[in-house]
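1. Quick one, fold the following:
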Amino acid sequence: MESSGKIVMGRYELGRLLGKGAFGKVHYAKNLQSNQGVAIKMMDKEKVLKVGLSEQVRREITTMRLVEHKSIVQLHEVMATRSKIYFVMEYMKGGELFEKVAKGGKLTEGVAHKYFQQLISAVDYCHSRGVYHRDLKPENLLLDENENLKVSDFGLSALSESKRQDGLLHTACGSPAYVAPEVICKGGYDGAKSDIWSCGVILFVLVAGYLPFQGLNLMEMYRKIEKGEFRCPGWVSQKLQKLLYKIMDPDPSKRISIQKIKESTWFRKGPGDTLTVKEPSENITTNAAPALGVRRKKNNQEDQKQLVVTNLNAFEIISLSTGFDLSGLFVEKENRKEARFTSEKPASAIVSKLEDVAKALNLRVRKKDNGVVKMQGRKEGRNGVLQFDSEIFEITPSYHVIKMKQTSGDSLEYQKLLDEGIRPALKEIVWAWHGDGDQQVHQA
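-> This is a model prediction of the structure:
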C-alpha cells in the first residue's frame, strides 16, 4: 500500500534500500506503532522454490527463533504474501564488519579483541542451544549503532538433530576461505569445531587485513587449509599468534575448544595487561542480605513487625491465577521466564528461607525501594549475568503468592537454577508451584 508516496506494509513504512542479493533485497523500514527502525529482508518465493531453498528458509526461521542473545541479530517476525517472504529483523546501523575491514584495512588488536569476545559469546550461546552456524565470516557479522558486533544470516545453520548416527554433520557448506579443513574433506565433521575454525579465520583477517590461506586458485587455497599452512604477520602479538595457531589447527581433535579460548590469556586480557572484567553494579552487596520482595528495617527485633508485602485486590488475584493467565496467547511457552508459588507460611518465614537459599546458591542480592529484590549471579553466563526479580504478594496474612521473574541472563541457566537449586531448597515452605504446566504441591 502507498500513502503520500511512501510504501506501507502492515505496520511498517518502507524506506531506503540497504542491500541486494540473488533472491531478494533488504530495506530499512520504520514500525509506525513504536517508531522503531527495522530491516526487512524480502525474498522472492518463486526464486526460492526454483533453486530449492525453501528448506533453507524454514531452517533460518526455526534457528533464529531459537537464539536470543545480545550478540545475535534478532528476528522480530516473519510475514508472507503469495509472491514474497518478509523477514523483519533488528536494524544494524553500523553495517557489515567486512566493510569496516575492507575500507580501513586491519584493525588494532584492542578493537579486534572486543569484536572477537562478542563473536565467541554468540557462537558459544548458539552451540549451547544445539545450533551450528556453518557460515561465519565478516560479511555475516553486523555492527549496531554503538559498534557492537552481532551475528546474522543463519541460512546455512544446522541443528543437533541434523547429525547422523555417527554424531556428526555431513553437508559441506560455507564460504571457501573460512571453511574448516574437515568440511572440505567431505567426511563427517563436528559443527562446533568447524565454527571455531571460522572464528579463527575471522580473527586473523581483523588483525592482519588479509586472509590467512591464499592461492592462485581454489584448489591451492584448499590444500593450504587442509594442512593449516599460514603465517602470522610480525605486528601480531605473541599471545595472539599462539591462540590463532591453536584455533586453526587442521586436526579437529586437537583444535582448541571455546572454553579453552575463553580461558586463554589474550582472550581474557586482550593486547594489554588489564583484565577485561565488568565492574559489579554499585548497589550489589557482597553477602546475600535483605529479604526477597519485602521491605525490612535494620532492627532485627522488629523485623516481623516491619515486613511490608504487597496486598492484592480481587483483579490482581485473578491475573495471577493460572486459569486466567493470558500471556500464553502472546508469548511462546518455552520463552516464558516467570515462576510463581503459593505458601501458607507467614511472610517472615518466607523471607528467612529465601535469604538462606540466596546464600546457599551463592547469589548476590540487590534491594529496590518498591519492595522488589533482584537476585543476581556472581559470574558472567552465556548470555550475560543471570538476574531475576522476586516479590511476595499477600492474599491473607497466612497465605502468600511469590512471583519470580527472570530479567536478564540465559534462560536455560535460569531454568536449571530454578529446577535444580531454588525449587528443592524452597520445598519446606512451598504449598504449590503454579503456571508451569504441572503444579507441584507440597504438604507442609
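2. Count the residues that sit near the closest residue to residue 260 other than its chain neighbours.
-> Among residues not flanking residue 260 along the chain, residue 246 sits closest, at 7.7 Å (Cβ to Cβ, 6 or more residues apart in numbering). To be clear about C-beta, it is placed using only N, CA and C from the backbone, and glycine gets the same treatment. By other Cβ atoms under 10 Å, 17 other residues sit near residue 246.
3. what's in contact with the one helix or strand residue 246 maps to?
-> Per DSSP states H and E, residue 246 falls inside helix 238-247. Contacts with helix 238-247, where a contact means Cβ atoms under 8 Å, 6 or more residues apart in numbering, come from 109, 196-197, 199-200, 203-204, 207, 232, 236, 255-256, 260-261, 264-267, 271.
4. same question, stretch 403-416
-> Outside stretch 403-416, the residues touching it (Cβ under 8 Å, 6+ apart) are 68, 125, 128-129, 293, 320, 335, 337-340, 374, 377, 381-391, 393, 418, 422.
5. Now it: average pLDDT?
-> Mean pLDDT, computed over stretch 403-416, is 84.
6. Can you tell me how far the spatially closest residue to residue 186 that is not a sequence neighbour is from residue 218?
-> Sequence neighbours aside, residue 172 is the residue nearest to residue 186 in space, at 5.3 Å (criterion: Cβ to Cβ, 6+ apart). According to Cβ to Cβ, to the nearest Å, residue 172 stands 14 Å off from residue 218.
7. Tell me which of these two has more neighbours.
-> residue 172 (14 against 10).
8. I'd guessed the more buried one sits against residue 182; true?
-> No: taking contacts as Cβ atoms under 8 Å, residue 172 lies outside contact range of residue 182: 9.9 Å.
9. hmm, which of the contacts of stretch 403-416 are the buried ones?
-> Neighbour-count burial (16 or more other Cβ atoms under 10 Å) is assigned, among the contacts of stretch 403-416, to 125, 128-129, 293, 320, 337, 339-340, 374, 377, 381-391, 393, 418, 422.
10. hang on, the earlier thing: out of the contacts of helix 238-247, which sit inside helices?
-> Within these, residues falling in helices by DSSP state H are 109, 196-197, 199-200, 203-204, 207, 260-261, 265-267.
11. Redo the residues you listed as JSON lines? Include pLDDT, neighbour count and distance to residue 121.
-> Below are the ones in helices among the contacts of helix 238-247 laid out as JSON lines (pLDDT from 0 to 100; neighbours: other Cβ atoms under 10 Å; distance: Cβ to Cβ, whole Å):
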{"residue": "109", "pLDDT": "95", "neighbour count": "21", "distance to residue 121": "18"}
{"residue": "196", "pLDDT": "97", "neighbour count": "27", "distance to residue 121": "13"}
{"residue": "197", "pLDDT": "97", "neighbour count": "26", "distance to residue 121": "18"}
{"residue": "199", "pLDDT": "97", "neighbour count": "21", "distance to residue 121": "11"}
{"residue": "200", "pLDDT": "97", "neighbour count": "26", "distance to residue 121": "16"}
{"residue": "203", "pLDDT": "97", "neighbour count": "26", "distance to residue 121": "14"}
{"residue": "204", "pLDDT": "96", "neighbour count": "24", "distance to residue 121": "19"}
{"residue": "207", "pLDDT": "95", "neighbour count": "24", "distance to residue 121": "19"}
{"residue": "260", "pLDDT": "97", "neighbour count": "14", "distance to residue 121": "15"}
{"residue": "261", "pLDDT": "97", "neighbour count": "23", "distance to residue 121": "11"}
{"residue": "265", "pLDDT": "94", "neighbour count": "12", "distance to residue 121": "18"}
{"residue": "266", "pLDDT": "97", "neighbour count": "20", "distance to residue 121": "16"}
{"residue": "267", "pLDDT": "96", "neighbour count": "19", "distance to residue 121": "11"}
